[in-house]
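Engineer: My questions are about this predicted structure, shown below with the sequence.
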Amino acid sequence: MGFLAGRHVLVAGAGVTGRSVAEALLAADAVVTVTDGSADRLAALEQLLPGVTLTPGLVSPPAGTDLVVTSPGWRPSSPLLEAATTAGIEVIGEVELAWRMGLELADPPTWLAVTGTNGKTTTVGMLESILRAAGIDAVACGNVGLPVVDALLAGRRVLAVELSSFQLHWSPSVRPFAGVLLNLAEDHLDWHGTFEAYASAKAGVLTGEVAVGGVDDPVVAALLASSPAAAHVGFTLGSPEEGQLGVHDGQLVDRAFGPSDEVLLPAADVHPGGPPGIADALAAAALARAHGVPADAVARGLRDFKPGAHRAVLVTTADGVAYVNDSKATNPHAAAASLRSHESVVWVAGGLLKGASVDELVREEAHRLRGAVLIGADREVIASALARHAPSVPVTVLDPSDDAAVSMEAAVRAARSLAKPGDAVVLAPAAASMDMFSDYAHRGQAFADAVVELVGQRG
């Protein structure tokens with residue numbers, strides 16, 4: 001890693017990503033300083049990173065800093081990052097650092113990248129499963145949890161990289177061999193400022209050799225058409241045209257790679273099922289096929305894939321009512337997809353909307369709502385949308401408790417009182433969780449625990 005040797009690098013953020021970045025920089029003989037707003041997080045690194053300077057609360061880079069590597073959640077408007085930019089110091093993210101480090105290897109790994117508003121983690125998990133079914137040394141990394149620098153230094157041959165809009169913003173030169181943009185809807189507008197800026201960041205995944213996009217989404221289709229990639233591949237839930245993957249006669253079909261109309265597997269074999277799961281499977285298959293994976297390995301990998309927790313998981317069924325934990329539905333677009341999987345729903349929603357509107361979601365899904373139970377910071381925003389577009393739907397708005405578990409228990413109790421046999425009580429919050437919970441997994445677990453406590457054992 002010659003380009004880093006002797007350079008003074010400031011790492012902004014002392015979380016999991018920051019620690020991995022610091023370790024990678026030390027291994028590359030850089031001079032490393034780490035800063036964070038939390039002295040406790042820095043203290044936790046003291047014994048783990050000997051040789052690193054730990055400085056809390058920096059608002060400008062130390063003299064002599066050559067490069068800043070920021071954790072993805074830090075906004076460009078953060079005082080430290082603004083000061084670095086003003087001083088002419090380059091600011092990049094961990095993903096960009098991994099990309100540049102990889103370019104110095106004699107045989108760099110292949111990057112297959114996934115982004116979109118929803119379905120990223122499921123798609124990258126499916127992709128990893130397919131690649132491994134083909135006997136390829138591959139690992140899912142990036143926004144899914146494992147930092148890309150760790151996967152790179154472990155010597156993995158193919159990186160299935162989940163990329164958030166934040167990570168893409170801080171990755172100006174990343175050009176994955178193949179990248180997919182799944183879908184786009186309002187999200188993270190509080191960070192990016194506008195939908196156009198958010199979409200522009202996401203489109204960075206389409207700048208490699210093969211660009212893949214969900215063409216049922218008109219915004220994605222337009223971005224795919226304007227991509228600089230040499231090859232453009234679409235995927236659709238309908239019958240595919242030439243150069244696309246899609247669904248025909250109940251089968252996932254590839255008309256982009258290999259023989260025309262090559263059948264991959266029955267749509268009924270895809271889990272999670274329903275339109276979102278099938279779309280994710282088509283996207284994962286497209287990336288794998290771009291890398292030369294045969295159709296039989298695609299089928300094996302998709303059949304072997306096990307969906308992650310808190311993604312449309314049935315907790316139990318009691319008295320004819322299904323209780324479904326889809327805490328991962330952290331924006332309106334994901335919540336709409338979740339609700340569409342059921343005919344009649346008692347919707348448990350709320351949290352931090354991050355500037356996104358729920359009006360379209362409520363307007364389009366009002367006909368399937370038996371009732372709604374609202375929690376979290378933006379509960380009244382959702383209540384107002386329901387009053388405008390679904391005035392006949394019973395709505396319970398719960399004031400927050402100091403104990404998040406107590407609040408969720410009250411929500412499940414209220415939802416149970418609204419539900420009838422044949423209904424589904426669905427936690428599909430349409431919002432982020434950090435107002436009440438540590439993350440979406442904490443929220444989902446609280447819902448599942450409350451269901452078990454009030455309704456009965458998991459089904």
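Structural biologist: The structure has been received and is ready for your questions.
Engineer: Quick one: end-to-end distance for stretch 252-259.
Structural biologist: 14 Å (Cα to Cα, to the nearest Å).
Engineer: distance between it and the chain's centre?
Structural biologist: Offset of stretch 252-259 from its chain centre (Cα atoms, centre = their mean, to the nearest Å): 27 Å.
Engineer: Residue 33 should be in a strand, yeah?
Structural biologist: Yes - assessed by DSSP: H, G, I helix; E, B strand; the rest coil, residue 33 belongs to a strand.
Engineer: okay, now residue 232: neighbour count?
Structural biologist: 19 (other Cβ atoms under 10 Å). (Each C-beta comes from the backbone N, C-alpha and C, glycine too.)
Engineer: Does it belong to a helix, a strand or coil?
Structural biologist: Look at residue 232: counting by three-state DSSP, its state is strand.
Engineer: any idea of the pLDDT on it?
Structural biologist: Note for residue 232: predicted pLDDT of 98.
Engineer: From residue 215, how far off is it?
Structural biologist: Computed as Cβ to Cβ, to the nearest Å, the residue 232 to residue 215 distance reads 10 Å.
Engineer: Overlap in contacts, those two.
Structural biologist: residue 224 (Cβ atoms under 8 Å, 6 or more residues apart in numbering).
Engineer: Name the residue closest to the centre of the protein, please.
Structural biologist: A centroid search over the chain (Cα atoms, centre = their mean) returns residue 120, at 4.5 Å, as the residue closest to the centre.
Engineer: which stretches of this protein aren't confidently modelled?
Structural biologist: Residues of the chain meeting the criterion pLDDT under 70: 1, 187-189, 457-459.
Engineer: Got the domain ranges for it?
Structural biologist: Using automatic domain parsing, the domain parsing of the chain gives 8-94, 109-304, 313-454.
Engineer: Now render those as TSV, adding distance to residue 102.
Structural biologist: Converted to TSV, the domains of the chain look like this (distance: least, Cβ to Cβ, whole Å):
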stretch	distance to residue 102
domain 8-94	11
domain 109-304	6
domain 313-454	29
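Engineer: Residue 2: which of those is closest?
Structural biologist: Proximity of those to residue 2 was assessed by Cβ to Cβ; the nearest stretch is domain 8-94, lying at 8.4 Å.
Engineer: For the residue lying closest to residue 157 once chain neighbours are set aside, give its distance to residue 110.
Structural biologist: Nearest residue to residue 157, sequence neighbours excluded (Cβ to Cβ, 6 or more residues apart in numbering): residue 137, at 4.3 Å. Noted for residue 137: a distance of 10 Å to residue 110, by Cβ to Cβ.
Engineer: any shared contact partners between those two?
Structural biologist: If you check residue 137 and residue 110 against Cβ under 8 Å, 6+ apart, the residues they both contact are 157, 158.
Engineer: same for the helix or strand hosting residue 161, what does it pack against?
Structural biologist: In the assignment (DSSP states H and E), residue 161 maps to strand 158-162. When contacts are defined as 3 or more Cβ pairs under 8 Å, 6 or more residues apart in numbering; DSSP states H and E, strand 158-162 sits against strand 110-115, helix 120-133, strand 138-142, helix 148-153.
Engineer: Give me the contact list for that strand.
Structural biologist: With Cβ under 8 Å, 6+ apart as the criterion, strand 158-162 contacts 95, 109-115, 120-121, 123-124, 127-128, 131, 136-144, 148, 151-152, 176, 287, 291.
Engineer: list the buried ones in that strand?
Structural biologist: 158, 159, 160, 161, 162 (16 or more other Cβ atoms under 10 Å).
Engineer: Could you identify the longest helix within the chain?
Structural biologist: helix 274-290 (DSSP state H).
Engineer: And the helix or strand following that helix, how far out from the chain middle?
Structural biologist: Where DSSP H and E defines the elements, the next helix or strand beyond helix 274-290 is helix 295-304. Distance of helix 295-304 from the chain centroid (Cα atoms, centre = their mean) equals 23 Å.
Engineer: cool, and stretch 352-365?
Structural biologist: Taking Cα atoms, centre = their mean, the mean C-alpha location of stretch 352-365 is offset from the chain mean by 19 Å.
Engineer: With only the CA atoms kept, save the helix or strand hosting residue 452 in PDB.
Structural biologist: Taking DSSP H and E as the criterion, the element that holds residue 452 is helix 440-454. Output of helix 440-454 as PDB, limited to C-alpha atoms (Å, rounded to 0.1, in the frame of the first residue of the first chain):
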ATOM      1  CA  TYR A 440     -34.300  -1.600  13.700                       C
ATOM      2  CA  ALA A 441     -33.200  -5.000  15.100                       C
ATOM      3  CA  HIS A 442     -33.900  -3.800  18.700                       C
ATOM      4  CA  ARG A 443     -37.300  -2.500  17.600                       C
ATOM      5  CA  GLY A 444     -38.100  -5.800  15.800                       C
ATOM      6  CA  GLN A 445     -37.100  -7.800  18.800                       C
ATOM      7  CA  ALA A 446     -39.200  -5.700  21.100                       C
ATOM      8  CA  PHE A 447     -42.200  -6.300  18.800                       C
ATOM      9  CA  ALA A 448     -41.600 -10.100  18.700                       C
ATOM     10  CA  ASP A 449     -41.200 -10.200  22.500                       C
ATOM     11  CA  ALA A 450     -44.400  -8.300  23.000                       C
ATOM     12  CA  VAL A 451     -46.300 -10.600  20.700                       C
ATOM     13  CA  VAL A 452     -45.000 -13.700  22.500                       C
ATOM     14  CA  GLU A 453     -45.900 -12.100  25.900                       C
ATOM     15  CA  LEU A 454     -49.400 -11.000  24.900                       C
END
